[in-house]
Structures are given as structure tokens and as C-alpha cells.
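Chemist: the following comprises the amino acid sequence and a computationally predicted model.
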Amino acid sequence: MHFLKYFYFKTLKYDLINKFSYKNTKKLPKIKKIILSFGCKTTDIKQISASLLALELITLKKGKLTTTKKSNILLKIRKGNPVGCKITLQKKQMFNFLQKMSVEIFPNIKNFNGLTINKTINKTAFSYELQNTLNFNELEEHYYLFNNLPNLSITVITTSKVKEELIFILKSLQLPIKIKISKYNSIGRV
């Protein structure tokens, strides 16, 4: 069993029960999946194929191309053209990726101040973008292929009912999260 999964089942469940007063353990929030995606602004096949190869190297799983549902005249994109790629991680792969992010990637980013949560956060999902994807060791070895990659979008999807539960889960998993508090923000301190 992965140590993050073990931590969730042995420690985090009890913390959630004590903090949010759950009566039924089957209704406890948990992380369902993580979606990694590259969105390319052009339909250049070289950039899309490099993005798909980068995702496959990072996760060791086969990715899917995303296509447009509508045509856009301003961007010169036809309906059905590929505009990016994505991979969905679940179960063991999801916990392996979370470990890789918290142990290898976040400590190696220069001038990293943490992931900022603002008032637009959804109650079940948290997404952020990685600017420099060359922090992954798999991509660093092949710089000439991956030097022009777009930002990597990472979305963590949970089964939480309120924002406070989502923030509590992410902070408990030691993700470097900073809450941006403003006078218009409804999120309190956790």
C-alpha cells in the first residue's frame, strides 16, 4: 500500500471525522482522480505530439488527444482538430504522482511561494498550472524535444461537499497551499 494511501486511511479519515463531525464513514471526502493536461494554442502537430509524449513520460500511462467541439474563426481552428492532450490518474498512479509533486517537483522550483487558493476555487476540485515542466527528470534529459511545452494544468478532483474540506485534505497531504484572504473571500482560515 502506498504511504499516502495508508496515511489517508489511518490518519486523515479520523481527522476528518473529528473536524467536520461525520456520522457515516462512507460519506468521508476522498481524492477521486487527478487530471493532467496540456492545452496548445495552435494546432501544430509537433507541439501536440511533444506534449502527449511528455505526459506519457511523466505518468507512464497512455494519454488522449483533446479535440475542439466548435470551430473558432479567430484562432483558425476547425471543429474536431486536436488542440491538446490529457491523462487521468486514479488509484495507485494518483498517489505516486502526488508523491512525486511534493517530494521532487515543488522543492526544485525556484522562487516557489506555494499554490495560491483564491475565491474562485470550486468545492470539489482544485487546479493549478506548472510553468516550467522541465523540472521533471524524465523531460530534463530530452531538452531539445520539450523546451517549448505549454503550461501543465493539474486538476485534483475530490468528493468533498464544502471548500473547507477540500483545503483540509490538500493541506493534510502536505501540498504547499497558501490561502489568499481578501475582504470578498468567503474562505476562512483552516
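Modeler: Alright, I've got the coordinates.
Chemist: those strands in the protein, which residues are they?
Modeler: Listed in chain order, the strands of the chain (DSSP state E) span 31-39, 64-67, 82-89, 115-117, 125-130, 152-158, 177-179.
Chemist: list the buried ones in the first one?
Modeler: If I follow you right, that is strand 31-39. Ile31, Lys32, Ile34, Ile35, Leu36, Ser37, Phe38 (16 or more other CB atoms under 10 Å). For the C-beta atoms, the positions are set from N, CA and C on the backbone; glycine is no exception.
Chemist: returning to that earlier point: out of the strands of the chain, which is closest to Lys171?
Modeler: strand 177-179 (5.6 Å; CB to CB).
Chemist: so can I have CSV of the buried residues of strand 31-39 showing pLDDT?
Modeler: Formatted as CSV, the buried residues of strand 31-39 follow (pLDDT from 0 to 100):
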residue, pLDDT
Ile31, 85
Lys32, 89
Ile34, 89
Ile35, 89
Leu36, 89
Ser37, 86
Phe38, 85
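Chemist: so which of the strands of the chain gets nearest Asn108?
Modeler: Across the strands of the chain, closest to Asn108 is strand 125-130 (CB to CB), at 11.4 Å.
Chemist: and the angle from the closest one to strand 152-158?
Modeler: 160 degrees (axes from the mean of the first three to the mean of the last three CA atoms, to 10 degrees).
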